[in-house]
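J.: Next input, structure requested:
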Amino acid sequence: MHDFADIWSYLAQGPLLWLTLTLIAYVLADAAAEALGRPPLANTVLMSVVLLGLMLWATGTPYATYFEGAQFVHFLLGPATVSLAIPLHAQGARLKRAVLPVIAGVGTGSLVAVASALAIAKAMGVDMTTLATLAPKSTTAPVAIGIAQSLGGSPTLAAVLVILTGITGALMATPLLNALRLKDWRARGLAVGTAAHGIGTARAFQVHPTAGAFAGIGMGLNAILTALLAPAVLRLFL
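T.: Okay, the predicted model is just below:
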C-alpha cells in the first residue's frame with residue numbers, strides 16, 4: 001500500500017493521468033448508457049462527472065491539479081462547437097423554410113431563460129453578484145463565463161451553473177417534450193439547444209439527427225442573444 005501511494009503521488013502530478021482518467025470515465029459512462037438503451041436519466045456527462053468527482057474525493061486531489069490535465073478536453077469545446085456547422089449545413093434548406101419561427105422561438109427562449117432565473121433568484125433574496133452569474137446560465141460555457149464576468153458575476157460559479165443547467169435540460173427534455181406531444185424534430189431540437197446548450201445538443205443528436213442539427217442552431221443563436229439581452233434584463237432587477 002505504501003508503494004502504491006508513492007506511485008499514485010508521482011502519477012497524480014502529471015497532467016496525462018487526469019486526461020486519461022477523464023477519457024476513461026467518459027467511455028465507461030457512454031458504455032453504461034448504451035447498455036441501458038440511453039434513457040434520459042442515463043446521461044453520459046452526468047455519469048462521467050460523478051465518476052470523476054468520486055475519484056477526486058477518494059484521492060484527495062484538488063480540482064486545480066485535475067484541471068491541468070482536463071484542460072486539453074476543455075480546449076476541444078471550441079472546435080466541437082464549430083463542428084456543429086456540418087450537420088447545420090446539411091439542414092440548410094429546412095432552416096431557410098423556418099427562419100422566422102426559429103428566430104422567434106430562440107428569441108423568446110433566451111428572454112425567458114434569463115428573466116425567469118433572475119426573477120426566481122431575486123424573490124429568494126439572492127445578492128447581485130449571484131444574479132449576474134445566473135443570467136447567462138442557459139448559454140454555452142465560454143460565452144456564459146464571459147458574460148458573467150462582464151456583468152460583475154463569478155466566472156467559476158457561472159461554469160458550474162451552465163453544467164447543471166445543461167445536465168438538467170438533457171435529463172428533462174425528452175420526457176417533457178413527449179408529455180407535450182411535440183413531434184416536430186426541428187422544434188424539439190431548437191428548444192433543447194436553446195435551454196440546455198451543448199449538453200442538451202449532444203442529447204438531441206442521440207435522439208434524432210434533425211433534432212441535433214436544430215439544437216446546434218438554438219445553442220448558437222441563444223449565445224448571441226443572451227449576450228445582448230442579459231445586461232438589459234439584469235438592469236431591471238437592480
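J.: residue ranges for the helices of this structure, please.
T.: 2-12, 15-35, 44-59, 63-75, 77-82, 85-90, 92-97, 99-123, 128-134, 141-150, 155-179, 185-207, 209-235 (DSSP state H).
J.: and the ones you listed, which is most packed in?
T.: helix 185-207 (a mean of 26; mean count of other Cβ atoms under 10 Å). For glycine as for every other residue, the C-beta is placed from the backbone atoms N, C-alpha and C.
J.: Report the inter-axis angle for it versus helix 209-235.
T.: 110 degrees (axes from the mean of the first three to the mean of the last three Cα atoms, to 10 degrees).
J.: list the helices and strands helix 185-207 packs on?
T.: helix 44-59, helix 77-82, helix 99-123, helix 155-179, helix 209-235 (3 or more Cβ pairs under 8 Å, 6 or more residues apart in numbering; DSSP states H and E).
J.: Which of these has the lowest mean pLDDT?
T.: Of all the helices and strands packed on helix 185-207, helix 77-82 carries the lowest average pLDDT, namely a mean of 72.
J.: Return the distance of it from the chain's centre.
T.: Distance of helix 77-82 from the chain centroid (Cα atoms, centre = their mean, to the nearest Å) equals 13 Å.
J.: how's this structure carved up into domains?
T.: 2-75, 86-235 (automatic domain parsing).
J.: Turn the helices and strands packed on helix 185-207 into TSV, including distance to Q71.
T.: Formatted as TSV, the helices and strands packed on helix 185-207 follow (distance: least, Cβ to Cβ, whole Å):
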stretch	distance to Q71
helix 44-59	14
helix 77-82	10
helix 99-123	28
helix 155-179	13
helix 209-235	21
